[in-house]
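**Student:** Here is the input, now give the coordinates:
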Amino acid sequence: MTAPSEQVIAATGIAITRTVAADGWAALTYVMGPAREFTLNLSPRFQTEEAAAYGARVISCFLPEDAAASRSALYDAVAALEVYSDQFGPYPYREMAVVQAPLTFHGMEFPGLNLIGSQAYNKYLTDLETLVVHEVAHQWWYNQVGSDQTQNPWLDEGLAEFSMYFYFLGRHGQPAADLLRLQRWEAAVAANAQRGLDAPIGRPVLEYKRDAYETIVYGKGALFFATLRDEMGEQAFCKLLRTYVERFRWRTAARPTSGCWRRRSREESWGACSGGGWRRASRVSLLFAGFAIDKRPASDTMKSNKDWQAMSLSHFQEGLDNDDDAVYDSWRAHYQELAIDKRGASDAMKSSRGAGSSSCRTTRERP
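**Tutor:** Numbering: from 1, shown residues only. Purely as a prediction, here's the structure:
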């Protein structure tokens with residue numbers, strides 16, 4: 001690419017050559033490993049600061065008047081990269097950037113690049129940490145593991161949002177992680193429902209009301225995975241997420257194409273497929289878990305586990321429907337293909353019950 005030589009560039013990839021012509025324009029060559037897309041941000045006013053995390057350079061690009069906030073963003077990103085690498089598997093690149101960008105107080109993820117709205121560096125400084133660590137989580141959920149972000153936005157956004165629980169637990173402790181769940185997800189979802197804006201988490205982007213989208217897709221999506229972790233136990237749940245990354249790294253985790261989808265309305269996704277969306281998440285939790293820990297078809301393991309079948313979610317105090325057996329069979333072939341463990345799901349989950357709230361991150365030395 002070419003750009004005026006005074007521009008400081010933050011781009012996907014690593015610049016390996018830079019030459020400046022007589023006219024003052026610089027020619028740069030970038031290289032990149034597997035990536036889903038490319039972006040760049042540039043400014044003659046950008047300043048940079050960097051730190052290291054598990055052998056990767058983490059770079060903060062910022063405007064000089066926001067230098068103090070950018071330093072906080074840098075070390076939040078370093079901590080998030082380390083926590084998520086421990087939990088989900090290694091970060092795949094040699095560099096990662098956190099870039100102050102003209103996105104008001106929002107963020108946007110790209111491969112190796114996390115854009116953070118400028119207003120989070122000054123006007124909304126209390127939101128900076130959560131914005132940074134949410135976007136860093138997308139380096140796993142969106143970049144390494146792809147999904148359909150328009151038809152199933154909850155799958156990457158819900159996981160990126162829930163990943164913050166691990167970050168707050170690892171960096172700030174259990175009370176901070178519990179407060180995140182209570183204030184950011186549970187309270188918001190409850191308030192949304194009181195306003196009559198509740199909806200299933202599995203709809204395409206355009207089918208949500210604008211003022212309800214983030215609460216449902218992000219908050220309710222995060223609560224799906226929080227409840228899944230509560231029900232499975234921490235060790236089994238963490239194994240599930242690591243296997244999900246390993247199975248779908250640099251691929252797209254598409255929803256099953258089965259009779260379930262043909263029988264039910266287009267607006268419903270994984271949650272809704274098993275009988276009513278989030279309200280039936282106990283069933284869906286085992287369907288989601290099936291591809292990671294169970295060699296047998298998910299339908300057989302679930303039918304053999306009466307305790308799981310009877311479970312309902314306290315958030316909604318609603319029992320499970322009795323018409324799910326037909327749905328089970330439609331998932332059989334899909335989970336047979338994805339399964340990796342010869343034990344049944346019920347046995348694997350029962351073996352994790354003693355884990356409690358202990359950390360399940362892998363042990364690795366810091367470089």
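**Student:** residues near residue 162, how many?
**Tutor:** Counted with other CB atoms under 10 Å, the neighbours of residue 162 add up to 26. Quick note: C-beta positions are derived from backbone N, CA and C, even for glycine.
**Student:** sorry, that was for residue 68
**Tutor:** By other CB under 10 Å, the residues close to residue 68 number 11.
**Student:** Same check on residue 6?
**Tutor:** Residue 6: 11 surrounding residues under other CB under 10 Å.
**Student:** Excluding sequence neighbours, find me the nearest residue to it.
**Tutor:** If the residues on either side of it in the chain are set aside, residue 6 comes closest to residue 44, at 4.6 Å by CB to CB, 6 or more residues apart in numbering.
**Student:** Let me see the domain layout of this protein.
**Tutor:** Structurally, the chain divides into domains by automatic domain parsing as follows: 2-139, 150-355.
**Student:** And the ones you listed, which one averages the lowest pLDDT?
**Tutor:** Considering those one by one, the lowest average pLDDT is found for domain 150-355, at a mean of 65.
**Student:** Which parts of the stretch 1-150 of the chain are helices?
**Tutor:** Remark: helices assigned in the stretch 1-150 of the chain by DSSP state H, counting those that start in this stretch are 67-88, 128-137.
**Student:** Tell me which other helices or strands the shortest one touches.
**Tutor:** If contacts are counted by 3 or more CB pairs under 8 Å, 6 or more residues apart in numbering; DSSP states H and E, helix 128-137 sits against helix 67-88, strand 95-101, strand 107-110, strand 113-117, helix 153-172.
**Student:** Could I have the CA atoms of it written out in PDB?
**Tutor:** The C-alpha coordinates for helix 128-137 follow below in PDB (Å, rounded to 0.1, in the frame of the first residue of the first chain):
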ATOM      1  CA  LEU A 128     -12.900   1.700  28.300                       C
ATOM      2  CA  GLU A 129     -11.900  -1.500  30.000                       C
ATOM      3  CA  THR A 130     -15.000  -3.500  29.100                       C
ATOM      4  CA  LEU A 131     -14.900  -2.200  25.500                       C
ATOM      5  CA  VAL A 132     -11.300  -3.200  25.100                       C
ATOM      6  CA  VAL A 133     -11.600  -6.700  26.600                       C
ATOM      7  CA  HIS A 134     -14.800  -7.400  24.600                       C
ATOM      8  CA  GLU A 135     -13.100  -6.600  21.400                       C
ATOM      9  CA  VAL A 136     -10.000  -8.600  22.200                       C
ATOM     10  CA  ALA A 137     -12.200 -11.600  22.800                       C
END
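**Student:** just the angle between it and helix 67-88, please?
**Tutor:** For helix 128-137 against helix 67-88, the angle between stretch directions is 40 degrees (axes from the mean of the first three to the mean of the last three CA atoms, to 10 degrees).
**Student:** rewinding a little: just the helices of the stretch 1-150 of the chain: most buried one?
**Tutor:** The highest mean neighbour count among the helices of the stretch 1-150 of the chain belongs to helix 128-137 (a mean of 24), with neighbours defined as mean count of other CB atoms under 10 Å.
**Student:** Cheers, nothing more for now.
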